[in-house]
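Visitor: I would like to see how this sequence folds:
(2 chains)
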Amino acid sequence: MALITLMVNGKQTSVDVDPATPLLWVLRDALGLMGTKYSCGEGVCGACTVHVDGEPRRSCVLTALQAVGHQITTIEGLAADGTHPLQQAWLAENVTQCGYCAPGQIMTAAALLAKNPRPTDADIDAAMTGTLCRCGTYQRIRRAIHRVAGQGGA
Amino acid sequence: MESEPQKNGVTRREFFRIAGRAGVGLVVSIYVPEWLGVESTAPNLIPRLETPWQPSIYATLDSTDVLTVKAFRSELGQGTSTALAMVFAEEMDADWSTVRIEHVGANRAYGDQMTVGSRSIERYYDPLRKAGAAARQLLVIAAAQRWSVEPGSCRTEQSAVIHPDGKQMLSYGQLVSDASQLDPAKASSAPLKDPASFKIIGTPRTLYHAPSMVRGEPLYAIDVRVPGMLYAVVARCPVFGGKVVSFDGSKASAVPGVRRIVQIDSGVAVVADNTWAALRGRAALQVTWDEGALASSSSASIREGLIKSAPSVDGADAQTFKAAYDIPYLAHAPMEPMNCTADVRRDRCEVWAPTQAAQAAKQAAQTLTRLPDDAVIVHVPIVGGGFGRRSGTDFVRDAVQVSQQVGAPVQVLWTRDDDLQHDAYHPLSYNYVESKLNDASVPTALPTNRSFTQRGGVPTGSWRSVNNFTDAYARESFLDEVAARSKLDPLALRLKLMPAQGQQVLQLVADKAGWGKPLPEGQGRGIAYWALWGTTHVAEVVQVAVAADGTVRVPRVVCAVDCGQVINPDTLAQQIEGGIIFALTAALKASITIDKGRVQQRSFADHSLINIAEAPAVEVYTIPGTGRPPTGIGEAGVPPLAPALANAVFAATGIRVRHLPIRPEDLRR
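Guide: So this is what the prediction gives:
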């Protein structure tokens, strides 16, 4: 165990954890940030996606130690009161069914739009293919991303 | 490590909302997520300033006009809790913005609560209409008494009763204490609305929990944190039916944070201060297994056994056509893996279970703890996908047994490989269909499937649409083969054979899909129809493009549905879209195979789901104004998809594939 200082959602926080602990479990078990979801644990489903210095990263395969010194943003820190344009677009397009993958999808899409405010369908495919949804909400996810792009971006 | 969430705005907000309502000076030290509801968690800890009116077991109304509808069926993403609340609010004439939904957990007052088979709306449409109408009627009587007018001269609108003068009005909340004094029997024959006047039913509504979902709020069982909670994972025998002979926990115990290692019915549990320590401990655990009788079984040998027990497909002639279709074991793989939290004490047991079978979960906990009925509380949070997997209780028993042994609240998590390797699979089946043909080479009756499945050994269970998936795949593939043999249009053949409601959805889907219009080389359309559970009629046209290397792309699926009265049209579309994607994973990508008694797939890397780039555009059309009460939609998109896909592949390539999934190697030219 070691005291590790992380910058999460703009706040500095120290946790006493095994430095090899995946960031996912630090967020969930140590910091109580439940929006970042576990689903595969090996970086293939995208449910645990967070931003590390603005880049989408799978928090289940990133250790706490690797996260030190970087700006971590989770779904809870994406926007105050959940008013990010993508969160609103998710509601406008009625994207969610079970909702479990929504935070990872939204974080992945937010990183895409931050770099590419007007993505094509091919851009969306490239960015979002690794983020799985068992409820099959994909076309609504696509529409929600286009909706934000059409409004002038995120 | 802190077990109280440190940075959870919602939890805090919810906490202070509750504390605020309870009055100054109240100290509540437990973590109360929103989905637990106030009444169901700690009724003695949280006094209320007022008692809301409870017109029936289905809802409460408070003086601020807030209408709390009780969700008593599991919410898995199928939209049931929102839809049932819509039905109640419609008949009560409630303002939809005043509606809150509260999950009640296991409670026999609400029927069996078994959330399977697309049946929640079908069963509870009438009871909730009547309950909503009765609540409305009592509020009207209360207002009429206050005004000294005839109840029949008052009307209601948007959570208010309107005086016959058309000017005075009383909000529902203002009538709570008056209504509480009334005998509910006064409303026993409250009239129901004419469906033509519905304002909520039939209109699109965002799912109630969606705003919380997009904010990442702790809605799910996996998000439950109770004070002093430990975290566990279980090492299970890789072979079905295997048993623990012995285990050596010395290396596992040496992992920092590992607290206990305990044997339970399903294997050996490693219990730790956090999930990561539990996972590391399990990796270091050494277990000697007795692999049991299935150690040499394989899905290939099981299939061969089934073929031997089925009639032969040889010997077809001009009057008889025979064919057989293979379906492999299929996994559910919901995004929220199995998990459960249990807090077993000497005199009580509290469980948070992501279940489709709340009362089975409670029964399982009671059997293990031998506690009386009222000492076992089962909460059912929002569930991150079910698809039938959560009608079992294996994950509940894990948590209860571990908590019993360690004497602390415990969350047992199943990793993704646990989930894929210890599922209750859709059974492997060999499906034989035979039909007599008349002089025009048309079946003399609608053919039926004889499905041969192995029951023992490999655990099997309900999988979205259950045998509808199997039977539709067999029959609708078979009919296409008959059509090809008889040189009949697949749509025309079905229109001859299907009942009127089937013909209607077939004709609608064909019109919308452009059935019969030419497509480029290498592309094709396939059609299929099924009546889910005999009541929801659904037809699909799948369009495919097959590349020279056999890769199948599905650009478009069109679906027509007759499910009677539509409650929430957006939910209907979502469920059909989702059912199509779910079935497409089974039809094109993922299956479960077994070798040496072990499941060979272990992750989303080797059990890959349809992704966004592969997802077709889906169009959904409904038959309007049927006048029938609603029938189920949660599984309706699934059954026609695989046969329509196989039929489209045949139309595109001339190759008939009689097994799932359809692989590129089946179609290489």
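Visitor: Of all the residues in stretch B:538-548, which ones are buried?
Guide: Buried positions in stretch B:538-548, judged by neighbour count with 16 or more other Cβ atoms under 10 Å in any protein chain shown: B:Val538, B:Ala539, B:Glu540, B:Val541, B:Val542, B:Gln543, B:Val544, B:Ala545, B:Val546. Placement of C-beta: from N, CA and C, glycine included.
Visitor: Secondary structure element holding the fourth one?
Guide: Which is B:Val541. Using DSSP states H and E, B:Val541 sits in strand B:536-546.
Visitor: relative orientation of the helix or strand following that strand and strand B:536-546 in degrees?
Guide: With elements assigned by DSSP H and E, the helix or strand that comes after strand B:536-546 is strand B:552-562. Strand B:552-562 runs at 160 degrees relative to strand B:536-546, counting by axes from the mean of the first three to the mean of the last three Cα atoms, to 10 degrees.
Visitor: Pull out the buried positions in the next helix or strand after strand B:552-562.
Guide: On the C-terminal side of strand B:552-562, the closest following helix or strand by DSSP H and E is helix B:569-588. By 16+ other Cβ under 10 Å, the buried positions in helix B:569-588 come out as B:570-588.
Visitor: and chain A, which of these contact it?
Guide: B:Asp570, B:Gln574, B:Gln575, B:Glu577, B:Gly578, B:Gly579, B:Ile580, B:Ile581, B:Phe582, B:Leu584 (Cβ under 8 Å from any Cβ of the partner chain).
Visitor: could I get these as TSV with distance to A:Arg58 and pLDDT?
Guide: Below are those laid out as TSV (distance: Cβ to Cβ, whole Å; pLDDT from 0 to 100):
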residue	distance to A:Arg58	pLDDT
B:Asp570	31	97
B:Gln574	27	98
B:Gln575	29	98
B:Glu577	26	98
B:Gly578	24	98
B:Gly579	28	98
B:Ile580	28	98
B:Ile581	22	98
B:Phe582	24	98
B:Leu584	25	98
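Visitor: Closest one to chain A out of those, please.
Guide: B:Ile581 (2.6 Å; Cβ to the nearest Cβ).
Visitor: Helix or strand next in line after the helix or strand bottoming out on mean pLDDT in chain B, which one?
Guide: When each helix and strand of chain B is scored by mean pLDDT, DSSP states H and E, helix B:9-22 comes last, with a mean of 35. Downstream of helix B:9-22, the next assigned helix or strand under DSSP H and E is strand B:53-56.
Visitor: partners of the next helix or strand after that next one in the sheet?
Guide: Note on strand B:53-56: by DSSP H and E, the next helix or strand toward the C-terminus is strand B:59-61. Next to strand B:59-61 in the sheet, as set by DSSP bridges, lie strand B:53-56 (antiparallel), strand B:67-71 (antiparallel).
Visitor: okay if I get those strands as CSV plus mean neighbour count?
Guide: Compiled in CSV, the strands paired with strand B:59-61 are given as follows (neighbours: other Cβ atoms under 10 Å in any protein chain shown):
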stretch, mean neighbour count
strand B:53-56, 21
strand B:67-71, 25
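Visitor: Can you lay out the ones you listed as JSON lines showing distance to B:Asp126 and mean pLDDT?
Guide: Compiled in JSON lines, the strands paired with strand B:59-61 are given as follows (distance: least, Cβ to Cβ, whole Å; pLDDT from 0 to 100):
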{"stretch": "strand B:53-56", "distance to B:Asp126": "13", "mean pLDDT": "95"}
{"stretch": "strand B:67-71", "distance to B:Asp126": "16", "mean pLDDT": "98"}
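Visitor: Quick one: closest of these to B:Ala94.
Guide: Evaluated over the strands paired with strand B:59-61, closeness to B:Ala94 peaks at strand B:67-71, with 5.1 Å, by Cβ to Cβ.
Visitor: Which neighbouring elements make contact with whatever helix or strand comes next after that closest one?
Guide: Using DSSP H and E, the helix or strand that follows strand B:67-71 in sequence is helix B:80-92. On a contact count with 3 or more Cβ pairs under 8 Å, 6 or more residues apart in numbering or on different chains; DSSP states H and E, helix B:80-92 meets strand B:67-71, strand B:99-103, helix B:120-147.
Visitor: Just want the most central residue of chain A.
Guide: Nearest to the mean C-alpha position of chain A, counting by Cα atoms, centre = their mean, stands A:Met107 at 3.1 Å.
Visitor: Would you mark the buried spots in stretch B:395-411?
Guide: By 16+ other Cβ under 10 Å, the buried positions in stretch B:395-411 come out as B:395-406, B:408-411.
Visitor: which one of these is nearest B:Gln507?
Guide: Looking across these and measuring by Cβ to Cβ, the closest to B:Gln507 is B:Phe395, at 44.8 Å.
Visitor: Could you report the separation of that closest one from B:Tyr124?
Guide: In this view, B:Phe395 and B:Tyr124 are 26 Å apart by Cβ to Cβ, to the nearest Å.
Visitor: Would you map out the domains in the chain?
Guide: Since you didn't name a chain, this refers to chain A. Using automatic domain parsing, the domain parsing of chain A gives A:2-78, A:80-150.
Visitor: wait, chain B
Guide: Using automatic domain parsing, chain B is parsed into the domains B:1-49, B:55-205, B:221-293+B:338-413, B:429-667.
Visitor: can these go into TSV with extra columns for distance to A:Gly32?
Guide: Shown next, in TSV, are the domains of chain B (distance: least, Cβ to Cβ, whole Å):
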stretch	distance to A:Gly32
domain B:1-49	3
domain B:55-205	21
domain B:221-293+B:338-413	7
domain B:429-667	27
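Visitor: Figure out the helix or strand that the closest residue to chain B within chain A lives in.
Guide: Residue nearest to chain B within chain A (Cβ to the nearest Cβ): A:Gly35, separated by 2.1 Å. Of the helices and strands defined by DSSP H and E, none includes A:Gly35.
Visitor: Count the residues that sit near the closest residue to it other than its chain neighbours.
Guide: With sequence-adjacent residues excluded and distances taken as Cβ to Cβ, 6 or more residues apart in numbering or on different chains, A:Gly35 is closest to B:Gly216, at 2.1 Å. Number of residues near B:Gly216 (other Cβ atoms under 10 Å in any protein chain shown) recorded here: 28.
Visitor: Pretty sure B:Gly216 sits against A:Gly77.
Guide: No - B:Gly216 is beyond contact range of A:Gly77, at 9.6 Å (criterion: Cβ atoms under 8 Å).
Visitor: ok so the residue nearest to the centre of chain A is a helix residue?
Guide: Yes - applying DSSP: H, G, I helix; E, B strand; the rest coil, one finds A:Met107 inside a helix.
Visitor: just the strands in chain A please.
Guide: Taking DSSP state E, the strands of chain A run over residues A:2-8, A:11-17, A:49-52, A:55-58, A:71-73.
Visitor: returning to what we had before: just send the domains of chain A back as TSV, with mean pLDDT too.
Guide: Listed next are these as TSV, based on pLDDT from 0 to 100:
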stretch	mean pLDDT
domain A:2-78	98
domain A:80-150	97
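Visitor: ok, B:Glu476 - contacts?
Guide: By Cβ atoms under 8 Å, 6 or more residues apart in numbering or on different chains, the residues touching B:Glu476 are B:Ala528, B:Tyr529, B:Trp530, B:Pro640, B:Pro643, B:Ala644, B:Asn647.
Visitor: would CSV of the residues you listed with pLDDT and secondary structure be doable?
Guide: Formatted as CSV, those follow (pLDDT from 0 to 100; DSSP: H, G, I helix; E, B strand; the rest coil):
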residue, pLDDT, secondary structure
B:Ala528, 99, strand
B:Tyr529, 98, strand
B:Trp530, 98, strand
B:Pro640, 98, coil
B:Pro643, 98, helix
B:Ala644, 99, helix
B:Asn647, 98, helix
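Visitor: Who wins on neighbours among these?
Guide: When those are compared by neighbour count (other Cβ under 10 Å), B:Ala644 ends up highest, at 36 neighbours.
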